[in-house]
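Visitor: After the sequence you'll find the predicted model.
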Amino acid sequence: MSELLKPYTRCGRRCTNPNFMGSLSVSAGDEERLEREERWDILQWVDAGDLWLHPETGEEKQRCPFVRKDRNQPTYKCRIYDTHPHVCRQYQQRIDHMRSVDCEMLEPGDTDEDVRRFMAEENEDHGR
């Protein structure tokens, strides 16, 4: 793991940020992978490549339908972490973005390259 960034805190900002949620789309590769994995529970929330549209109403969700807050804790758990779409893994890629959402992982001196390296290592550690 990166020596500069603090460990991932499971803050839920990636999954509960309505501005981020409204911009998500699934890649063709992710759709194919999810079909091979028979993850219809996830695919039902995809419409024409857009992510997190309610399967019955078509309404765009303001938070990921697969994130759950841990009881009595300020942390969240992704119920599809082992197979979540690529775009979800790309959430924090720049220091300015992390500052704008008040990310608690930042340390003085962190750079965009540190963030990219950390996220790449985090994804590798989880088999992505």
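Guide: Done, it's in.

Visitor: show me where this structure has helices.
Guide: Counting by DSSP state H, one finds helices in the chain at the ranges 13-16, 18-21, 28-36, 40-43, 86-89, 95-100, 112-125.

Visitor: Excluding chain neighbours, what is closest to residue 68?
Guide: Distances taken as C-beta to C-beta, 6 or more residues apart in numbering put residue 77 closest to residue 68, at 5.3 Å, once the chain neighbours are dropped. The C-beta positions use only the backbone N, C-alpha and C, and glycine is treated the same way.

Visitor: Does that neighbour touch residue 70 like I think?
Guide: Yes: contact criterion C-beta atoms under 8 Å: residue 77 and residue 70 qualify, at 6.0 Å.

Visitor: higher neighbour count, the two?
Guide: Neighbour count, other C-beta atoms under 10 Å: between residue 77 and residue 70, residue 77 has more, with 14 against 11.

Visitor: what's the burial count for residue 15?
Guide: 23.

Visitor: Residue numbering should commence at 644 henceforth.
Guide: OK, 644 is where the count begins now, so the last one is residue 658.

Visitor: give the contact list for it.
Guide: With contact taken as C-beta atoms under 8 Å, 6 or more residues apart in numbering, residue 658 is in contact with 664, 706, 707, 709, 710, 719, 721, 731.

Visitor: Considering those, which possesses the most neighbours?
Guide: That'd be residue 707 among the contacts of residue 658, by other C-beta under 10 Å, with 25 neighbours.

Visitor: And for residue 732, the neighbour number?
Guide: 17.

Visitor: Roughly how far does it sit from residue 669?
Guide: 12 Å (C-beta to C-beta, to the nearest Å).
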